[in-house]
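S.K.: the sequence and its predicted three-dimensional model are supplied below.
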There are 2 protein chains.
Amino acid sequence: MFKIREILTISDYVTLINIVLGLMAILLNDFAFVYVAVVFDALDGMVARKTNTVSDFGAELDSICDVVSFGVAPAYLLYANISTLSPELNIWGVILASIFVCCGALRLARFGVLDVKGFIGLPIPAGALFTCSILHAALLYNNVLSGTLGYIVLFVYLVAGLLMICDIRYPKYPRRVYLSVFSLALLIGVLGQPIPLVLCLISYTIYGFYGTLTHEL
Amino acid sequence: MFKIREILTISDYVTLINIVLGLMAILLNDFAFVYVAVVFDALDGMVARKTNTVSDFGAELDSICDVVSFGVAPAYLLYANISTLSPELNIWGVILASIFVCCGALRLARFGVLDVKGFIGLPIPAGALFTCSILHAALLYNNVLSGTLGYIVLFVYLVAGLLMICDIRYPKYPRRVYLSVFSLALLIGVLGQPIPLVLCLISYTIYGFYGTLTHEL
């Protein structure tokens, strides 16, 4: 018999915190939970490696939790907020939310069966941060470019979705200095200002393109 | 290189319909999408076997989609509707929704790494139908037993969550006559009357207990 309480390790509990944060982002319509979930998603892998508890069960659980925090949560946030930007785009919110979730699920399933160095396609936490930070910024600065921000947000969801299922290679561990800047941007995002995150994610996305073009990654 | 469009089979598209239905249940706050998702979840496995396209990728995608349709969707529906039953139970809605999603994710991750005949623990589509049909019925008959229905619904979410991660064995393919009754109940549920589904799910849940007690399954 396979008893769940006997197999659960500390890293699996961290993974469960990730899915609960994703659920909270949906229930409370709050971007900050997605940003914090990214931290716990990075933590669970680190904890599993440090405590030597890397397992198939843990990897499976990780993918299952990631689709909630980084697939469904950004999709729900789009649907819940797009009408604030442009009420007439409501139906497009539903369509782009569906495309984004499907791309995220495909990205995770491919990652689960592939064994390669680095990432192929934009990693789903990056896709979630990319879309959520831009939507978050659009809601904050709704008075600027009024009317067109909704279209930009929808376009970003489409691009992020397609980048997740494409063949562009992304580096697994960016340089340490970049990680510090990113952590700071994440903290500022949690505090309510998403612009530094937007800049980080745009540069990471372009970095993947550049690396693929020059075959350096 | 691993191109997603080259690996996708017809059964994977059916799985993607499942996740989109789950997302719609969340976005539109509608039980019917969960009931229909159960049909597509059964279909994708059948199609994969018939077309000889059973794959690790397909199995991984299936788990990833199931957590949305049968984990997050029932959890969201609980949160979105519990205050209609009893406004003071709102915070318990958040707590039970989180517990249910965590149990669902654990159930799916265990299923992904286990290779046994039949199911160990209540299958997650059954858990979703059990909780959703009872919540749906409680909302329809809110005037009966006024005040206590909210508590009953929360208790059912807790029980369904725990049954998913327990060691009780459930039969994989119930008898054909039961399947016909169940299909009819599902159809009636989609049309707005969840009581036949409630009866089906209660009897299936008890059936698992009975089978485990008598070692017949």
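M.R.: Yep, that arrived. Numbers count the residues shown, from 1 in each chain, chains lettered A, B, ... in the order given.
S.K.: over to A:Ala126. Which of the three states is it?
M.R.: helix (DSSP: H, G, I helix; E, B strand; the rest coil).
S.K.: so what's the residue count around it?
M.R.: 22 (other C-beta atoms under 10 Å in any protein chain shown). All C-beta atoms are positioned from the backbone trio N, CA, C, and that covers glycine.
S.K.: that one contacts A:Tyr170, doesn't it?
M.R.: Yes: if you go by C-beta atoms under 8 Å, A:Ala126 and A:Tyr170 touch, sitting 7.4 Å apart.
S.K.: shared neighbours of these two, anything?
M.R.: Shared between the contact lists of A:Ala126 and A:Tyr170 (criterion: C-beta atoms under 8 Å, 6 or more residues apart in numbering or on different chains) are residues A:Tyr204.
S.K.: got the phi and psi for A:Tyr141?
M.R.: Main-chain dihedrals, A:Tyr141, degrees, to the nearest 10: phi -110, psi 40.
S.K.: pLDDT score for the residue nearest to it when sequence neighbours are not counted?
M.R.: Leaving aside its sequence neighbours, A:Tyr141 sits nearest to A:Leu149 (C-beta to C-beta, 6 or more residues apart in numbering or on different chains; 7.5 Å). Looking at A:Leu149, its pLDDT is 92.
S.K.: and for A:Leu149, the neighbour number?
M.R.: 22.
S.K.: hmm, it is touching A:Leu140, no?
M.R.: No: because the distance of 10.2 Å does not satisfy C-beta under 8 Å, A:Leu149 is recorded as not touching A:Leu140.
S.K.: the longest helix along chain A to helix B:90-113, inter-axis angle?
M.R.: Looking across chain A with DSSP state H, the single longest helix is helix A:90-113. If you take axes from the mean of the first three to the mean of the last three C-alpha atoms, to 10 degrees, helix A:90-113 sits at 40 degrees to helix B:90-113.
S.K.: what about the helices in chain A?
M.R.: Going by DSSP H, chain A shows helices at A:4-7, A:10-28, A:31-50, A:56-67, A:73-85, A:90-113, A:124-140, A:149-165, A:176-190, A:195-214.
S.K.: just for chain A, where's the confidence low?
M.R.: A:1-2, A:115-118, A:146, A:172-174, A:211, A:213-217 (pLDDT under 70).
S.K.: A:Pro125: how many residues sit nearby?
M.R.: Neighbours of A:Pro125 using other C-beta under 10 Å come to 18.
S.K.: next up, the contacts around it.
M.R.: Going by C-beta under 8 Å, 6+ apart, the list of residues near A:Pro125 reads A:37-38, A:41-42, A:66, A:69-70.
S.K.: try A:Leu27
M.R.: B:76, B:79, B:94, B:97.
S.K.: for the third one, the count of nearby residues, please.
M.R.: Right, B:Val94. Number of residues near B:Val94 (other C-beta under 10 Å) recorded here: 19.
S.K.: would you check how far apart it and B:Thr51 are?
M.R.: 42 Å (C-beta to C-beta, to the nearest Å).
S.K.: go on, the first one?
M.R.: Between B:Tyr76 and B:Thr51 the computed distance is 33 Å (C-beta to C-beta).
S.K.: neighbour count winner among these two?
M.R.: Between B:Tyr76 and B:Thr51, counted using other C-beta under 10 Å, the more crowded position is B:Tyr76 (22 against 11).
S.K.: name the nearest residue to that one, ignoring sequence neighbours.
M.R.: That would be B:Ile26: by C-beta to C-beta, 6+ apart, it lies 4.7 Å from B:Tyr76.
S.K.: residues touching the one you found, list them.
M.R.: Taking C-beta under 8 Å, 6+ apart, one finds A:26, A:72, A:76, B:72-73, B:76-77 in contact with B:Ile26.
S.K.: around A:Tyr210, how many other residues sit close by?
M.R.: If you count neighbours by other C-beta under 10 Å, A:Tyr210 ends up with 13.
S.K.: can you tell me how far it is from A:Tyr204?
M.R.: With C-beta to C-beta as the criterion, A:Tyr210 and A:Tyr204 are 11 Å apart.
S.K.: my read is that A:Leu89 contacts A:Tyr151, right?
M.R.: Yes: at 7.4 Å, A:Leu89 counts as touching A:Tyr151 under the criterion of C-beta under 8 Å.
S.K.: of these two, which one has the most company?
M.R.: Set A:Leu89 next to A:Tyr151 and count neighbours by other C-beta under 10 Å: A:Leu89 wins out with 18 against 14.
S.K.: what's the separation between the more buried one and A:Val113?
M.R.: 36 Å.
S.K.: with A:Pro125 instead?
M.R.: 19 Å.
S.K.: repeat for A:Pro194
M.R.: 33 Å.
S.K.: equivalent analysis for A:Gly58, please.
M.R.: 16 Å.
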